[in-house]
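Visitor: requesting a structural model of the entry that follows:
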Amino acid sequence: MYSLNFELIFKIAAIGIVISILNVVLKQAQKEEQAQMLTLAGVVIVLMLVIQLISELFTNIRTIFNLY
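Guide: Presented below is the predicted three-dimensional model:
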């Protein structure tokens, strides 16, 4: 259970590092629009990971309290 949380933290950190490196490279190449779109795509990917975790949390809460 705890390894899953650390895995997710490392995934989010890796995505952030890769996106930031690519963002710097694109800005140095005078491609600000592509860099902005890449950043937006990274935010969406991380948001989808977090939404899946929140959904799992609500499922666990429903199971614990026997809510339907």
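Visitor: for residue 26, list the residues it contacts.
Guide: Residue 26 makes contacts with 32, 34-35, 38, as judged by CB atoms under 8 Å, 6 or more residues apart in numbering. Glycine gets a C-beta too; all of them are placed from N, C-alpha and C.
Visitor: quick one: it from residue 47, how far?
Guide: From residue 26 across to residue 47, the span is 21 Å (CB to CB, to the nearest Å).
Visitor: do residue 62 as well
Guide: 23 Å.
Visitor: okay, the residue nearest to the spatial centre of the chain: pLDDT?
Guide: With distances taken as CA atoms, centre = their mean, residue 46 lies nearest the centre of the chain, 1.4 Å away. Residue 46 is assigned 95 on the pLDDT scale.
Visitor: which strands and helices sit next to the strand or helix carrying it?
Guide: Element membership of residue 46, judged by DSSP states H and E, is helix 32-64. Judged by 3 or more CB pairs under 8 Å, 6 or more residues apart in numbering; DSSP states H and E, helix 32-64 is in contact with helix 2-28.
Visitor: what residues sit buried inside the helix it packs on?
Guide: In terms of neighbour count (16 or more other CB atoms under 10 Å), helix 2-28 has its buried residues at 15, 19, 23, 26.
Visitor: give the rounded mean pLDDT of that helix.
Guide: Averaged across helix 2-28, the pLDDT comes to 89.
Visitor: let me see the contact set for residue 42.
Guide: So residue 42 contacts 15-16, 18-19 (CB under 8 Å, 6+ apart).
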